[in-house]
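[1] need a structure here:
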Amino acid sequence: MTENNTNPGIFDTEFTEIFKGIFDHTPNGIVVADKDCYIKLFNTTAEKLTGMKVEDVMDSYFHDVFPQIPQLKGNGNVLLNENTTVVLINGKELHTKIFTIKEQDEIAAVIYIMQDLSEIIQLTMELEKSKQVIQELADIIESSFDGVLVTDGSGNFLMANKSYERITGIGKDELVGRNMKELINPVWMKNSVVFLAIKEQTSISLPHTTR
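    Purely as a prediction, here's the structure:
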């Protein structure tokens with residue numbers, strides 16, 4: 001690999017200390033190269049994603065280390081096609097976004113931000129699966145002949161099925177945005193099992209009287 005030890009410019013000690021501290025606490029891999037494309041910063045996440053050690057890549061020519069990533073062209077604002085690319089590094093598909101820092105219209109540094117696409121795909125799949133499960137539960141609750149009302153752990157209304165509306169005479173539109181404490185009164189409902197169930201953290205049976 002080609003190495004470079006030219007004038008540090010914006011990569012002086014103060015810059016390095018401040019920005020390395022920030023970069024090492026980000027969830028994305030960050031590689032910063034100088035105007036000549038020599039690596040000056042390589043954060044902890046970049047090490048994990050690429051399988052490379054910071055001491056092995058520092059001051060090396062970026063495209064010797066990452067030949068998969070296209071070089072900037074022209075004024076440095078764009079890649080060969082765009083400033084976002086997906087490359088295979090260390091067996092991972094990394095979504096790489098590229099930015100330039102300029103001083104007096106000249107490129108002073110290039111920042112490469114890397115994100116593992118497999119994590120995004122996995123999170124998306126888990127989210128879709130959760131949505132499907134929630135929808136199936138909602139369908140089961142809605143089709144029940146029993147009146148069902150659902151709140152969160154603080155007693156805030158989340159949903160109620162048609163049977164609940166029919167049995168109690170209270171419509172969903174009257175419940176949305178309300179806490180069960182607001183509904184317990186001589187007119188709406190004289191009691192509710194909600195807060196007792198929350199307190200006891202178990203199943204509770206109680207006669208339920210509504211208007």
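[2] what about the protein, any weak spots by pLDDT?
    Applying pLDDT under 70 to the chain picks out residues 1-19, 73-82, 186-188, 206, 208-211.
[3] can you map out the strands along it?
    29-34, 39-42, 84-89, 92-103, 106-116, 149-151, 157-160 (DSSP state E).
[4] Save these as a markdown table, and put in distance to residue 71 too.
    To be clear about C-beta, it is placed using only N, CA and C from the backbone, and glycine gets the same treatment. As requested, those are exported to a markdown table (distance: least, Cβ to Cβ, whole Å):
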| stretch | distance to residue 71 |
| --- | --- |
| strand 29-34 | 11 |
| strand 39-42 | 14 |
| strand 84-89 | 11 |
| strand 92-103 | 10 |
| strand 106-116 | 10 |
| strand 149-151 | 56 |
| strand 157-160 | 53 |
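[5] Among those, which comes closest to residue 197?
    Relative to residue 197, the nearest member of the strands of the chain by Cβ to Cβ is strand 149-151, separated by 9.3 Å.
[6] Now do that closest one: distance to the chain's middle.
    28 Å (Cα atoms, centre = their mean, to the nearest Å).
[7] Could you give me the buried positions within that strand?
    Neighbour-count burial for strand 149-151 flags 149, 151 (criterion: 16 or more other Cβ atoms under 10 Å).
[8] I'd like to know which elements that strand is packed against.
    strand 157-160 (3 or more Cβ pairs under 8 Å, 6 or more residues apart in numbering; DSSP states H and E).
[9] Tell me which strands the strand it packs on pairs with, and in which orientation.
    Strand pairing for strand 157-160, using DSSP bridges, gives strand 149-151 (antiparallel).
[10] Which residues outside the partner strand are in contact with it?
    141, 157-160, 164, 175, 180, 194 (Cβ atoms under 8 Å, 6 or more residues apart in numbering).
[11] Looking at the residues you listed, spot the one nearest residue 108.
    Of all the contacts of strand 149-151, residue 108 sits closest to residue 158, with 52.4 Å by Cβ to Cβ.
[12] Good, we can wrap up now.
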